[in-house]
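Asks: Here is a sequence together with a model predicted from it:
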Amino acid sequence: MAESTNHNDEFMVPWTEMQHGTREHYEYLGPAFYEHARESLVDNLMMLLGLLKGPKLGYQTDRYSHSLQSGTRAYRNDEPVDMVVAALLHDVADGFAPENHSDAAAALLRPYVDEETHWVIKYHGLFQGYYYFHHHDGDRDAREMHKDSPHYDRCVDFCHEYDQNCFDPNYPVMDLQDFRPMLDEVFSRPSSVPGVAPRPGYRVPAGARRIAARSASRWALSSAVVCSPVASAIPATSCAATSGSRWSSPRSSNQRLKLSV
């Protein structure tokens, strides 16, 4: 896991049971954890993606290459940053939540992405079944239970364009580090899900605003990222992010990311 950037580790509560904590204790503990968790989040996600490297399990690519290929195809198709990041991370939970990896990945993304992107990732495992459930004597049309959702077509397209076709060992994928600016942008946003029970006048913690400001500053200093080609399961509430946003985007007309792929 990423190391903490909190330099106040000399503070330690005098108790071993949370019931004995005071307001003063929790006024320190809350921000300390929040700052550490947010600042190490992208590093930890990249580490989890790395854990997908390994056996191909009968496919022509491993799950890591599959994920890079999904994210790369979404990026090259000029998708919004939310969808690019979601494509990259759609199977990140395979290693620790294989039976409900779609739900787990969607829960991870929910505080930071738009509602449509969250919905697509939550149900992509079911929609992906269109391509193979019938070979297991299952119902390939199970996705039709969601036919009335406004996000139905988007999920169909996601699975067709960024999932079922992403097992090509010869497809030139972007390097994981090439996605870093996009991961930083999405996961530096203030969370749309409060970390404690909501209270009147709830505001996003100051730590989120500081992290977001630092991320924006880093992005403004970055004018280009060079990407290198590499050879490399069965299966609410609107978010605060702006749907379809291309952020201060490398894809925007005045600040385009230059790729050598």
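Replies: Now that the structure is in, tell me what you want to look at.

Asks: and the top helix by length along the chain, what other elements does it pack with?
Replies: In the chain, taking DSSP state H as the definition, the longest helix is helix 23-50. The helices and strands touching helix 23-50, judged by 3 or more Cβ pairs under 8 Å, 6 or more residues apart in numbering; DSSP states H and E, are helix 63-76, helix 81-89, helix 180-187, helix 206-221. (Glycine included, C-beta is placed from N, CA and C.)

Asks: Could you list the buried residues of the first one?
Replies: Of the residues in helix 63-76, those with enough neighbours to count as buried (16 or more other Cβ atoms under 10 Å) are 63-75.

Asks: Now tabulate those residues in a markdown table and tack on pLDDT and distance to Pro98.
Replies: Below are those laid out as a markdown table (pLDDT from 0 to 100; distance: Cβ to Cβ, whole Å):
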| residue | pLDDT | distance to Pro98 |
| --- | --- | --- |
| Arg63 | 97 | 11 |
| Tyr64 | 98 | 15 |
| Ser65 | 98 | 18 |
| His66 | 98 | 14 |
| Ser67 | 98 | 15 |
| Leu68 | 98 | 20 |
| Gln69 | 98 | 20 |
| Ser70 | 98 | 18 |
| Gly71 | 98 | 20 |
| Thr72 | 98 | 24 |
| Arg73 | 98 | 24 |
| Ala74 | 98 | 23 |
| Tyr75 | 98 | 26 |
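
Asks: for the residues you listed, which one is nearest Asp168?
Replies: Nearest to Asp168 among these is Gln69, at 6.8 Å by Cβ to Cβ.

Asks: check contacts around the closest residue to that closest one other than its chain neighbours.
Replies: Once flanking residues are discounted, Gln69 sits nearest to Cys166: 4.1 Å by Cβ to Cβ, 6 or more residues apart in numbering. Listed by Cβ atoms under 8 Å, 6 or more residues apart in numbering, the contact set of Cys166 reads Thr61, His66, Gln69, Ser70, Arg73.

Asks: Sounds good, over and out.
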